[in-house]
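[1] have a look at this prediction, sequence included:
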Amino acid sequence: MTNALSRFLTPVDCTCKDFNHPWTDSCVNASVGVLMAAIPYSLRIYTMVYALSLIMRHRIPHLADLKRTLHGILQSSAFLVSNSYSFILFNCLLRRLIGRYYCATVAFVPCFISSFASILVERPARRPLLTLYVANLATETLWHMAETRGYVRSIAQGQALIFGISISALLYLYRLGLHKTTCKDSLFNILRFFVGKTEEGPIVPKEPVAPTPPRSRAPLDFRSINVLVQLYMRFLDAVKSRHHTCPHRDNCWRYAFVGGIKPFVGGVGLQVALRLVMNLRKIVQMKFNVRKSIFNKQTLNLGIFLGCFSFIYKGVSCGLRHSFGRDDPLYALPAGLLASVSFTKYPDV
């Protein structure tokens, strides 16, 4: 314990100019420079994020929605800007107050103060998502550090397995309807966009439908050419069918297919929009290569992931309802695990 504490308080022979701002001798100029550089970048990022949230509502925004969106853009941008420049600010301030660097004050303490002060600027509704995102990055960093030192070993597609277990648990809570009572979180709003409101719980038991007598069908005669027509008619009956426990109105095939197309188009559109926003300077300077930046396989990866996830989840859920004759929140577990296979197409999400 004493040895670990002594390492934590070990002096570091370095100046803040060498560590933080080698381009200038002034700590104030460095902080102000980072502040000014972070403002347009943060505004571009959060303008796209909030514009996407408006589009996801599938309705024309009112004046109150636009005012709320503008306020959210400015507040979230202020959070990101403060997080960008306050690290250098607190880092240099601590070095001047203490007189030198120590292992704890090089990054850990100023980063903690900077992050804590910045998160207070952000909207309270967005703080859980930001915390989850940063915790995910921190966990991944610790894992890579342990893997580099030989303490652990990664398995193939392990991130997809972790994603599948996590998303299945969230979808199970979503199907139970606990996201409305005890597990309220803005993360379920994202799930609602991908799996739809029809899969939202709690499940309302439906009145049992009187079974209709099955239609008598002539046995298939493979020696006759009419067998092709009979097979085709039976295929159409299967495609047009919808189990009475299914929460959607369309037939199951259409429900799953259309449910996969919408996220696919949205994912591709988001990728294209992000690349356009990130390359505004090149576009203005007429140096943007559209064919190389837009028309490539990487542009489709996010759309393939989102579309396949929604399609597989809805298809498996409908298949389980057809197989067991009832609806159950537990169906979200196998459906979520199978749908998480699509995560391999875009593991950087």
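    Happy to help now that I have it. Computed from a predicted structure; not experimentally measured.

[2] could you look up the SS state of the residue nearest to residue 30 when sequence neighbours are not counted?
    In this structure, residue 30 finds its nearest non-sequential neighbour in residue 21, 3.4 Å apart by C-beta to C-beta, 6 or more residues apart in numbering. (C-beta placed from N, C-alpha, C; glycine too.) The three-state assignment at residue 21 reads coil, by DSSP: H, G, I helix; E, B strand; the rest coil.

[3] point me to the helix or strand that includes residue 170.
    In the assignment (DSSP states H and E), residue 170 maps to helix 158-176.

[4] show me what that helix is packed up against.
    With contacts taken as 3 or more C-beta pairs under 8 Å, 6 or more residues apart in numbering; DSSP states H and E, helix 158-176 sits against helix 187-195, helix 332-339.

[5] and the strands in the chain?
    Counting by DSSP state E, the chain has these strands, from start to end: 11-12, 101-102.

[6] name the helices or strands packed onto the first one?
    To tie it back to what came earlier, the one meant is strand 11-12. In this structure, strand 11-12 packs against strand 101-102, with contacts taken as 3+ C-beta pairs under 8 Å, 6+ apart.

[7] what lines up beside the strand it packs on in the sheet?
    Strand pairing for strand 101-102, using DSSP bridges, gives strand 11-12 (antiparallel).

[8] and stretch 145-163, how far from the chain's centre?
    21 Å (C-alpha atoms, centre = their mean, to the nearest Å).

[9] give me the contacts around that stretch.
    143, 340, 341, 343, 344, 347 (C-beta atoms under 8 Å, 6 or more residues apart in numbering).

[10] same thing with stretch 338-349?
    Against stretch 338-349 from outside (C-beta under 8 Å, 6+ apart): 157, 159-161, 163-164, 167-168, 301-302, 304-310, 312-313, 316.

[11] out of these, which end up buried?
    159-160, 163-164, 167-168, 301-302, 304-310, 312-313, 316 (16 or more other C-beta atoms under 10 Å).

[12] related to what we said a few turns ago, would you confirm that the residue nearest to residue 30 contacts residue 89?
    No. Using C-beta atoms under 8 Å, residue 21 is not in contact with residue 89; the gap is 10.9 Å.

[13] what do those two both touch?
    With C-beta under 8 Å, 6+ apart as the test, residue 21 and residue 89 both reach residue 27.

[14] low-scoring stretches of the stretch 201-349 of the chain, by residue?
    The stretch 201-349 of the chain contains residues with pLDDT under 70 at 204-240, 348-349.

[15] just the helices in it please.
    Counting by DSSP state H, counting those that start in this stretch, the stretch 201-349 of the chain has helices at residues 226-240, 252-278, 280-284, 290-293, 298-324, 332-339.

[16] and the ones you listed as JSON lines, adding distance to residue 38?
    Compiled in JSON lines, the helices of the stretch 201-349 of the chain are given as follows (distance: least, C-beta to C-beta, whole Å):
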{"stretch": "helix 226-240", "distance to residue 38": "53"}
{"stretch": "helix 252-278", "distance to residue 38": "15"}
{"stretch": "helix 280-284", "distance to residue 38": "16"}
{"stretch": "helix 290-293", "distance to residue 38": "24"}
{"stretch": "helix 298-324", "distance to residue 38": "26"}
{"stretch": "helix 332-339", "distance to residue 38": "37"}
